[in-house]
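Visitor: how would this look folded up:
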Amino acid sequence: MQIVSLGGEVDAHTAPRLDEELAGAIEAGARRVVVDLAGTSFVDSTVLGVLLRTQRRLDGLEGRLVLVSDDPRILRVFELTGLDRQFQIERSLTETISNLSNGGPS
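Guide: Residues are numbered from 1 along each chain as shown. Okay, here's the model as predicted:
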């Protein structure tokens, strides 16, 4: 399992680095990737595109991408774009890690 934690505003300026990190994790063999958005105050469409590409890569490898956020502003972005139905979004990093480690529902 690979955990990627983001903070602050994540946008077109930081998306390429995120894309590299997520692609690198998959190339290194990670099949369960958790993106922790707890410290994130803003995400733009560029970041949503990176997350969608990552999910497609993992789907092709029978992997899993899980996003973690309990911030209403961040969750609203996913709701407005309909991506809350596309991504698995959890509220707690600790619980997500525990579930993935134990083969549970997350």
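Visitor: Pull out the buried positions in the helix or strand residue 95 falls within.
Guide: According to DSSP states H and E, residue 95 maps onto helix 93-101. Neighbour counts over helix 93-101 (16 or more other C-beta atoms under 10 Å) mark 93, 96, 97, 100 as buried. Every C-beta, even on glycine, is put in place using the N, C-alpha and C of the backbone.
Visitor: just stretch 9-16 next, same as before
Guide: 10, 14, 15.
Visitor: Start and end of that stretch, how far apart?
Guide: Distance between the two ends of stretch 9-16: 14 Å, counting by C-alpha to C-alpha, to the nearest Å.
Visitor: Quick check: beta-bridge partners of the nearest residue to residue 88 once chain neighbours are set aside?
Guide: Nearest non-adjacent residue to residue 88, counting by C-beta to C-beta, 6 or more residues apart in numbering: residue 66, 4.9 Å away. Going by DSSP bridges, residue 66 is paired in beta bridges with residue 34, residue 88.
Visitor: Run through who's touching the strand or helix carrying residue 74.
Guide: Using DSSP H and E, residue 74 maps to helix 72-81. Helix 72-81 is contacted by residues 37, 40, 41, 42, 43, 48, 67, 69, 83, 84, 87, 89 when judged by C-beta atoms under 8 Å, 6 or more residues apart in numbering.
Visitor: one more time with 7 Å
Guide: The contact list for helix 72-81 (C-beta atoms under 7 Å, 6 or more residues apart in numbering) reads 37, 40, 43, 48, 69, 84, 87, 89.
Visitor: Right, I'll call it a day here.
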